[in-house]
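Q: Show me how the following folds:
(one chain, ligands or ions: 2)
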Amino acid sequence: MNASGDAGRLRSVDEHLAGILGEIPPLPTLDLALLEAEGTILAEPVTAPVALPPFDNSAMDGYAVVAADVAGASADVPVTLSVIGDVAAGDTGMSAIRPGLCTRIMTGAPMPAGADAVVPVEWTDGGTVSVRIGRPAEPGHFIRRAGEDVAAGQVVLQPGVRLRAPQIGMLAAVGRARVNVRPRPRVVVLSTGDELVEPGSSLAPGQIWDSNSYMLTSAVNEAGGDGFRQSALSDAPEKVLESLEDQLVRADAIITTGGVSMGARDVVKEALTGTLTFSKVAMRPGKPQGFGLLRGVPIFTLPGNPVSAYVSFQVFVRPALRAMQGLPARPLESRTVTLTDDVRSPAGLRHYLRGRLSSGPDGVAVTPAEAQGSHQMAALASADALIVIPEEADFVPAGSRVAVLRLPR
Ligand SMILES: Nc1nc2c(c(=O)[nH]1)N[C@H]1C(S)=C(S)[C@@H](COP(=O)(O)OP(=O)(O)OC[C@H]3O[C@@H](n4cnc5c(N)ncnc54)[C@H](O)[C@@H]3O)O[C@H]1N2
Ligand code: MOO
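A: Residues are numbered from 1 along each chain as shown. Ligands and ions are numbered 1, 2, ... in the order given. Just a heads-up that it's a prediction; the model follows:
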């Protein structure tokens with residue numbers, strides 16, 4: 001045992017993450033109806049079967065005219081044309097005009113054959129039998145040309161894009177009712193501990209409200225998964241195993257918190273030793289970690305301290321959820337900024353400090369929170385970045401450039 005009480009070598013963060021990612025294939029793709037696909041990752045290139053718009057149409061409510069007819073129109077000397085009918089968006093019959101004639105036309109309606117400009121109604125007297133037009137219109141004026149949005153056969157969405165509202169709209173616009181995607185991973189979140197009670201109920205002595213399961217369910221959703229929160233489990237190893245097995249049918253992954261350290265009642269470790277691998281990872285917070293497959297389903301057993309659980313999620317679980325979605329298993333977005341205060345850090349551990357970013361005349365800076373305990377949720381809740389102090393550093397002076405991970409906003 002070494003001076004800090006750790007038996008054996010610590011696993012590096014990178015080694016632990018690589019071990020996890022090595023066991024996580026992307027989820028199989030699914031064909032989903034458009035609105036079910038919201039938030040999933042596109043797994044096919046999507047092409048337009050026809051041009052968009054599919055036909056030349058009017059950009060304005062007004063009159064479809066022959067531009068040459070109105071070339072000389074002015075407020076003082078308006079041009080009068082005969083109105084031979086109306087064309088509305090959705091009209092399927094063909095219409096046509098010739099010089100001297102026009103049709104009323106609505107926004108989105110197909111251009112009549114022979115017309116080469118649209119005069120908006122505001123430039124006219126609004127007549128329905130004949131119309132007086134007080135301004136000229138160039139050929140092509142207020143016509144939306146076929147194909148000027150998308151050409152027939154054009155790829156409009158590439159695989160790997162997350163389907164948000166504009167992409168769902170694009171799919172519908174090219175006529176797709178269903179789409180092939182990598183689904184959102186379904187992730188069951190369970191906390192363990194006899195001390196935990198539901199928020200909303202009162203606390204007896206020695207009890208605390210279960211915050212981890214809420215926080216991590218929300219983090220799963222933020223990372224593109226579907227989180228399913230379970231009520232906290234009591235500290236009984238047989239209950240833990242039974243509950244996990246019950247969840248396997250509906251879970252692409254399971255996250256537990258608590259019960260993985262050195263205590264006399266570290267039930268998760270007790271229930272799963274032999275199935276999962278429990279490691280001490282060279283990081284703070286988040287040293288005690290467990291990971292493995294239970295009947296093929298990845299199980300992450302994160303430490304119970306809330307900040308440790310959160311940091312562990314961002315460092316290990318988020319990349320795994322991305323891999324399941326077929327995305328590069330990137331960590332949170334990283335940038336280099338200036339540290340405002342001196343920082344001490346345990347040598348040999350990668351330290352993730354909670355910090356707040358600010359912009360000044362010298363660029364972006366980060367200030368570490370004063371409260372860096374792994375139970376201190378208030379500092380996490382007001383942080384917008386994790387400051388990453390590398391393993392080899394034990395002191396980083398104010399003014400140094402440091403890497404930060406942006407927390408999801
Ligand atoms: N002798 C040692 N003790 C501890 C060590 C160690 O190496 N040797 N490691 C410490 C570190 S680091 C961590 S992190 C924790 C991890 O402990 P567990 O994963 O076993 O978690 P618990 O003991 O169940 O809980 C720790 C702490 O977190 C609170 N907690 C747990 N679950 C929740 C929840 N869902 N919501 C809110 N708070 C929760 C719990 O009440 C404890 O205070 O072990 C250290 N000890
Ligand atoms: O590593 Mo524990 O996760 O510091 O609190």
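Q: check which helix or strand covers the residue in the chain that ligand 1 sits nearest to.
A: Relative to ligand 1, the nearest point of the chain is Gly304 (2.4 Å; CB to the nearest ligand atom). (Each C-beta comes from the backbone N, C-alpha and C, glycine too.) If you go by DSSP states H and E, Gly304 is not part of any helix or strand.
Q: what's the distance between stretch 261-271 and the middle of its chain?
A: Chain-centre distance of stretch 261-271: 35 Å, with CA atoms, centre = their mean, to the nearest Å.
Q: got it, and stretch 244-261?
A: 23 Å.
Q: end to end, how far does that stretch reach?
A: From its first residue to its last, stretch 244-261 covers 19 Å (CA to CA, to the nearest Å).
Q: Say whether ligand 2 is contacted by that stretch.
A: No - judged by CB under 6 Å from any ligand atom, stretch 244-261 stays clear of ligand 2, getting no closer than 7.9 Å.
Q: Is any residue of that stretch near ligand 1?
A: Yes - applying CB under 6 Å from any ligand atom, one finds that stretch 244-261 is in contact with ligand 1 at 257-261.
Q: circling back to that earlier point, ok, and the closest non-adjacent residue to the residue of the chain closest to ligand 1?
A: Excluding the flanking residues, the one nearest Gly304 by CB to CB, 6 or more residues apart in numbering is Gly258, at 3.2 Å.
Q: sorry, back to before: now the residues of stretch 244-261 next to ligand 1 as TSV including pLDDT?
A: Converted to TSV, the residues of stretch 244-261 next to ligand 1 look like this (pLDDT from 0 to 100):
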residue	pLDDT
Thr257	97
Gly258	94
Gly259	90
Val260	90
Ser261	85
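Q: who in the stretch 201-350 of the chain is up against ligand 1?
A: So far as CB under 6 Å from any ligand atom goes, the stretch 201-350 of the chain lies against ligand 1 at 208, 210-213, 257-263, 266, 285, 287-288, 303-306, 308.
Q: Restricted to helices, list these.
A: 212-213, 306, 308 (DSSP state H).
Q: now, the most widely separated pair of the residues you listed?
A: Using CB to CB, the pair of those lying farthest apart is Ser213 and Ser308, separated by 14.6 Å.
Q: For Pro199, which residues are in contact?
A: 209-211, 214 (CB atoms under 8 Å, 6 or more residues apart in numbering).
Q: hmm, which of these are the buried ones?
A: 210-211, 214 (16 or more other CB atoms under 10 Å).
Q: so what's the residue in the stretch 101-250 of the chain that ligand 2 sits nearest to scoring on pLDDT?
A: Here the stretch 101-250 of the chain gets closest to ligand 2 at one residue, Asn212, 12.1 Å apart by CB to the nearest ligand atom. For Asn212, the pLDDT comes out at 98.
Q: quick revisit: export the contacts of Pro199 as a markdown table, with columns for distance to Val343.
A: A markdown table is the format used below for the contacts of Pro199 (distance: CB to CB, whole Å):
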| residue | distance to Val343 |
| --- | --- |
| Trp209 | 31 |
| Asp210 | 31 |
| Ser211 | 26 |
| Tyr214 | 30 |
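Q: So which residues on the protein come close to ligand 2?
A: Residues of the chain lying near ligand 2 (CB under 6 Å from any ligand atom): 284-287, 303, 305, 308, 374.
Q: For the residues you listed, which entry has the maximal number of neighbours?
A: When neighbours are counted by other CB atoms under 10 Å, Gly286 leads these with 27 neighbours.
Q: who's in contact with it?
A: Applying CB under 8 Å, 6+ apart, the residues near Gly286 are 302-303, 308-309, 311-312, 315, 352, 374.
Q: ok, now Ala393?
A: 345, 347.
Q: Distance from the chain centre to stretch 30-37, please.
A: 16 Å.
Q: ok, residues contacting it?
A: Against stretch 30-37 from outside (CB under 8 Å, 6+ apart): 40, 163, 168, 171-172, 176-183.
Q: now those residues as JSON lines including neighbour count, pLDDT and secondary structure?
A: Below are those laid out as JSON lines (neighbours: other CB atoms under 10 Å; pLDDT from 0 to 100; DSSP: H, G, I helix; E, B strand; the rest coil):
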{"residue": "Thr40", "neighbour count": "22", "pLDDT": "96", "secondary structure": "coil"}
{"residue": "Leu163", "neighbour count": "21", "pLDDT": "97", "secondary structure": "coil"}
{"residue": "Ile168", "neighbour count": "17", "pLDDT": "98", "secondary structure": "helix"}
{"residue": "Leu171", "neighbour count": "20", "pLDDT": "98", "secondary structure": "helix"}
{"residue": "Ala172", "neighbour count": "13", "pLDDT": "98", "secondary structure": "helix"}
{"residue": "Arg176", "neighbour count": "20", "pLDDT": "98", "secondary structure": "coil"}
{"residue": "Ala177", "neighbour count": "9", "pLDDT": "98", "secondary structure": "coil"}
{"residue": "Arg178", "neighbour count": "13", "pLDDT": "98", "secondary structure": "strand"}
{"residue": "Val179", "neighbour count": "24", "pLDDT": "98", "secondary structure": "strand"}
{"residue": "Asn180", "neighbour count": "17", "pLDDT": "98", "secondary structure": "strand"}
{"residue": "Val181", "neighbour count": "25", "pLDDT": "98", "secondary structure": "strand"}
{"residue": "Arg182", "neighbour count": "21", "pLDDT": "97", "secondary structure": "strand"}
{"residue": "Pro183", "neighbour count": "22", "pLDDT": "96", "secondary structure": "coil"}
